[in-house]
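*Asks:* Everything below, folded, please.
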Amino acid sequence: MNKMDGLYHKDIGFPDAVQKSISGAQDRGISFPLSYGSHAREQAFSDRYGKISLPKKLNVAEAEAIEVQVINNKLHKILWRTDHDNENDICLAVLMENGFVKTVWLNEKNDLHATLDHSKYKEVS
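*Replies:* Numbers count the residues shown, from 1 in each chain. So this is what the prediction gives:
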């Protein structure tokens, strides 16, 4: 395992290289196509807040990186949160190598997740 490998959360902190990569992509307005597997499509039809309209692409300038998984010093998976409708945001767990969405769900816009489990995430030193 490489030194930077691990799971990180925005409220605990991202390694500098990860933050720079995400910020750089957001500053440049990077956008990429998304593809969905059967699990993500099933979740889109059964979400507790209603049916999810699955976006065809993700513009990272309009999204927030919530959780980042680094494997072999590369961004492997990012959980992105972005607008869905007036009441909800959509959360997409995206494999960054190919834009494959592993799962998807809605969160109310005012949901701040005050119960974050710090033990799941690596601390930035």
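*Asks:* where in this structure is pLDDT low?
*Replies:* Across the chain, the ranges flagged by pLDDT under 70 are 1, 113.
*Asks:* Tell me who's in contact with Ser53.
*Replies:* The contact partners of Ser53, by Cβ atoms under 8 Å, 6 or more residues apart in numbering, come to Ala44, His84. Any C-beta I mention is one placed from the backbone N, CA and C, and that applies to glycine too.
*Asks:* pretty sure it is in a helix, no?
*Replies:* No - looking at Ser53 with DSSP: H, G, I helix; E, B strand; the rest coil, it is coil, so not inside a helix.
*Asks:* Pull the contacting residues for Lys77.
*Replies:* By Cβ under 8 Å, 6+ apart, Lys77 lies in contact with Glu67, Val68, Gln69, Ala93, Val94, Leu95, Met96, Lys102.
*Asks:* Report the central residue of this structure.
*Replies:* With distances taken as Cα atoms, centre = their mean, the chain has Leu79 as the residue nearest its mean C-alpha position (1.4 Å).
*Asks:* Now for Val68, how many residues are close by?
*Replies:* As a burial measure, Val68 scores 24 neighbours (other Cβ atoms under 10 Å).
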